[in-house]
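>>> this one's sequence-less:
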Ligand SMILES: Nc1ncnc2c1ncn2[C@@H]1O[C@H](COP(=O)(O)OP(=O)(O)OP(=O)(O)O)[C@@H](O)[C@H]1O
C-alpha cells in the first residue's frame, strides 16, 4: 500500500521499531494464552509464584502494547503533520497557472478531505498492523499445535482472503467515486457561500441550483458511500462467519476424523476465537486505508510543485532600471474547439520612475498582461529583458521580486511586511495610513492590522499600502481607483502617484479614468490582446481610443 510504502520510505527505522514492538506484544498475547493453558489449567502446578508470573506477564504485555500503540500514533500523526506542511509549501511554490487550472474548490477538498483521510488511516493503522501481526503469530502457534489442522485453516483463510481481495477492489472503486463527488460538493459549497447574496435575493435560483447541482452530487455521494459501506460490512461479517466456521471445522476434523486430540482442538478453538477481534478490527480498518490511498493519489494528481522548501528571500540583484518585453506572447490553454485568447506579440519598454497607464475594454487582455508583466505567467514565446539582461527560467523567481501589485482580485493579509517578509517601521506605516486617509479607522500593532473587514475601497487602500511598503522597483495597480470615491480618486492621481514617482517607483496602472490621463508619462491601449501606445500629446487620438472602448 502506497501509504505504508511512503511511511516506510520516510520513516523506515521508526516503522520497523513499531512493527517489532507490535510483534512482541502479539507474541506476548499468544504467550498469555499458552500460559493459561499450560500453567493455570494444570492444577498440580498452581502455586502463588505461578500467579505472580502471570501478573508479570500481563504487566509486560500492557507495557509493550501501550508503547507500540503510542509509537505508532506518534509516527502516524508526525507523518500527517509533515505531509500537511509539505503540501502547503508545494502549493506556495506552484505556478499560478497550475493553481488556476486546479481551481480553489478542488484544492480545498484536497487540503481538507485528503489530509483528513490520511489522518483517519493512521488512527486505524495500529489496528491493522496489530491484527495482522497477531494473526500471523497465532497461526504459527496453531502450526505448532497441529500441522494438519493448521493446513486446513490456512487454506480456508487464504480462500477467504482471495474473495476479500476482490471485495476490497470493489470498495476501492466506490471510494474513488465518493472522492470525486467530494470535489463536486466542495464546488457546490463554494457556490452557496460565495453566491449567498445572489441566492438570498433569488430563492428560485437557490432552489434550482440545489435541485440541479447539489442534490444530484449529494445523492451520488450517498449511493457510492452506501455501496462501499455495505461491501465493507459484508467483508466484516464474512470474516466473522469464517472464523466461527473454522472452529466447527477443526472440531469436526479433530474429533470426527481423529486428526487431533480434544485438548488440541479446544486450544485451536480458543486461539481462533482470540484472533477474531483483532482480525475483525483489521478488516474494519481496510476501507480507511483504501480511502487514504485514494487521497494520496488525489494529492499527487494535483501536480503541485515538487519543491517543498520555502524560498528564503534572495536579495534583488540590481535595482530596477528598465524592463523590455520583446515579441512576448501568452496564450490560455485551449478549452474545447474555441480558439484560446492570446495576448501579444507585445513589444513594450518601461524605464525606472515612469508612470504608465494602460486602458482597454473588458476582456481585452489587460489583467492577463498584468500577470505576464509581473511574472505570474511565463511567456510562451518572446523574451523579457530586465536591465538589458534576458530573464531565464532560473532567474524568473528573482524577476518577480522587482514587483509589488494590487491585482483586481487582491487579497489583504493581516501581516504588514516589507519586500523581504520582515517588519516595517511603525513611522512608515503611520505615514501611509495618513496618506491613504485610513489612520482614523485602522490600527496596527506588532506588524499586524487590527482587522481586515473594511469596505472594498478601504481594503484596496490598505492593499496599496502593503504594495508600497514592499518597496519594490515597480508597482502594478489593476483598476485600483475604480472603487474609490471621487475625492480620493483625485488624491490618488494628483498626489499619491506623483509622490511614488518622485521617490523613484515605476508605476503601471490599469485604469479607465480618462480625466487623469495627463498624470501619466505614457498611455497604452490593449485591444484584443494587442498593446499599442497612444500619443498622449494628441488629445484626439486618446479620445478616439477611449470612445472605441466605450462603443
Ligand atoms: N484562466 C483563463 N483561462 C482561459 N481564458 C481566460 C482565462 N482568464 C482570462 N481568459 C480570457 O482572456 C481574455 C482577457 O481576459 P483579461 O482578464 O485579461 O481581460 P481584461 O482586459 O483584464 O478584462 P476586464 O477589464 O474585464 O477585467 C478574456 O476574454 C477571457 O476569456
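Okay, I see it. Just so we're clear, the structure is a prediction, and the values are computed from it rather than from any experiment.
>>> per-residue confidence at residue 10?
At residue 10, the model reports a pLDDT of 68.
>>> nope, residue 497 is what I meant
As predicted, residue 497 sits at a pLDDT of 93.
>>> list the buried ones in the helix or strand where residue 297 lies?
Element membership for residue 297 (DSSP states H and E) is helix 262-301. Across helix 262-301, burial judged by 16 or more other C-beta atoms under 10 Å covers 264-269, 271-272, 274-276, 278-296, 298-299. No exception for glycine: its C-beta is placed from N, CA and C like everyone else's.
>>> need the phi and psi values for residue 475.
Per-residue torsions, residue 475: phi -110, psi 130 (degrees, to the nearest 10).
>>> tell me who's in contact with it.
403, 404, 405, 467, 468, 500, 505, 506, 507, 508 (C-beta atoms under 8 Å, 6 or more residues apart in numbering).
>>> and the third one, how many neighbours?
The reference is to residue 405. Residues within reach of residue 405, counting by other C-beta atoms under 10 Å, total 23.
>>> how about it, what does it touch?
370, 374, 467, 475, 476, 477, 478.
>>> quick check: can you list the domain ranges of this protein?
Domains of the chain are assigned by automatic domain parsing as 2-301, 322-550.
>>> the shortest one close to the ligand?
Yes: under the criterion of C-beta under 6 Å from any ligand atom, domain 322-550 makes contact with the ligand via 332, 341, 360, 362, 363, 364, 365, 366, 367, 368.
>>> could you flag which of those residues are buried?
Buried subset of the residues of domain 322-550 next to the ligand (neighbour count, 16+ other C-beta under 10 Å): 332, 360, 364, 365, 366, 367, 368.
>>> residue in the stretch 1-150 of the chain nearest to the ligand?
residue 100 (5.2 Å; C-beta to the nearest ligand atom).
>>> how about that residue, secondary structure?
Going by DSSP: H, G, I helix; E, B strand; the rest coil, the secondary structure assigned to residue 100 is helix.
>>> report the contact partners of residue 494.
516, 519.
>>> check it and give its pLDDT.
At residue 494, pLDDT is 92.
>>> from the ligand, how far off is it?
24 Å (C-beta to the nearest ligand atom, to the nearest Å).
>>> grab the nearest non-local neighbour of the most centrally placed residue in the chain.
Residue closest to the mean C-alpha point of the chain, counted by C-alpha atoms, centre = their mean, is residue 111 at 3.2 Å. Leaving aside its chain neighbours, residue 111 sits nearest to residue 87 (6.8 Å; criterion: C-beta to C-beta, 6 or more residues apart in numbering).
>>> if I pick the one you found, what's in contact with it?
110, 111, 115, 299, 304.
>>> just the helices from the stretch 1-150 of the chain, written as ranges.
When assigned using DSSP state H, counting those that start in this stretch, the helices of the stretch 1-150 of the chain occupy the ranges 2-10, 12-35, 48-93, 96-102, 104-109, 115-145, 147-194.
>>> residues making contact with the second one?
Around helix 12-35, the neighbours that count as contacts under C-beta under 8 Å, 6+ apart are 4, 7-8, 53-54, 57-58, 60-61, 64-65, 67-68, 71-72, 75, 126, 129-130, 133-134, 136-138, 141, 270-271, 274.
>>> from the residues you listed, which would you call buried?
Using 16+ other C-beta under 10 Å as the burial test, those include 4, 7, 57, 61, 64-65, 68, 71-72, 75, 126, 129-130, 133-134, 137-138, 141, 271, 274 as buried.
>>> tell me the contacts of residue 89?
Applying C-beta under 8 Å, 6+ apart, we find residue 89 in contact with 307, 308, 309, 310.
>>> where does pLDDT dip in the chain?
For the chain, residues meeting the criterion pLDDT under 70 lie at 1-4, 6-11, 42-46, 312-317, 335-337, 536-551.
>>> with adjacent residues omitted, what lies nearest to residue 247?
Distances taken as C-beta to C-beta, 6+ apart place residue 269 nearest to residue 247, at 4.7 Å, with adjacent residues excluded.
>>> residue contacts, the one you found?
If you count contacts by C-beta under 8 Å, 6+ apart, residue 269 has them with 247, 250, 251.
>>> quick one: the strands in the stretch 451-551 of the chain, in order.
Remark: strands assigned in the stretch 451-551 of the chain by DSSP state E, counting those that start in this stretch are 474-478, 506-510, 522-527, 530-534.
>>> okay, these in CSV with distance to residue 227 next?
Shown next, in CSV, are the strands of the stretch 451-551 of the chain (distance: least, C-beta to C-beta, whole Å):
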stretch, distance to residue 227
strand 474-478, 48
strand 506-510, 52
strand 522-527, 53
strand 530-534, 55
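>>> re earlier: filter the buried ones among the contacts of helix 12-35 by proximity to the ligand?
Okay, of those, nothing touches the ligand (C-beta under 6 Å from any ligand atom).
>>> could you look up the SS state of residue 334?
Strictly by three-state DSSP, residue 334 counts as coil.
>>> for it, the count of nearby residues, please.
10.
>>> ok, residue 164 next?
Look at residue 164: counted by other C-beta under 10 Å, it has 19 neighbours.
>>> so who does it touch?
235, 238, 239, 283.
>>> from residue 325, how far out is residue 388?
From residue 388 across to residue 325, the span is 13 Å (C-beta to C-beta, to the nearest Å).
>>> settle it for me: which of the two has more neighbours?
residue 325 (22 against 9).
>>> each with direction, which strands does the helix or strand hosting the more buried one pair with?
Using DSSP H and E, residue 325 falls within strand 322-331. Sheet pairing of strand 322-331 (DSSP bridges) gives strand 342-351 (antiparallel), strand 381-386 (antiparallel).
>>> most tightly packed of those strands?
Ranked by mean neighbour count, those are led by strand 342-351 with a mean of 19 (mean count of other C-beta atoms under 10 Å).
>>> which residues are contacting that strand?
321-332, 356, 365, 368-369, 372-373, 379, 381-382, 474, 506, 508, 524, 526, 529-531.
>>> between that strand and strand 474-478, how big is the angle?
Counting by axes from the mean of the first three to the mean of the last three C-alpha atoms, to 10 degrees, strand 342-351 lies at 140 degrees to strand 474-478.
>>> what angle do strand 342-351 and strand 522-527 make?
Computed with the same axes, to 10 degrees, the direction of strand 342-351 lies at 180 degrees from that of strand 522-527.
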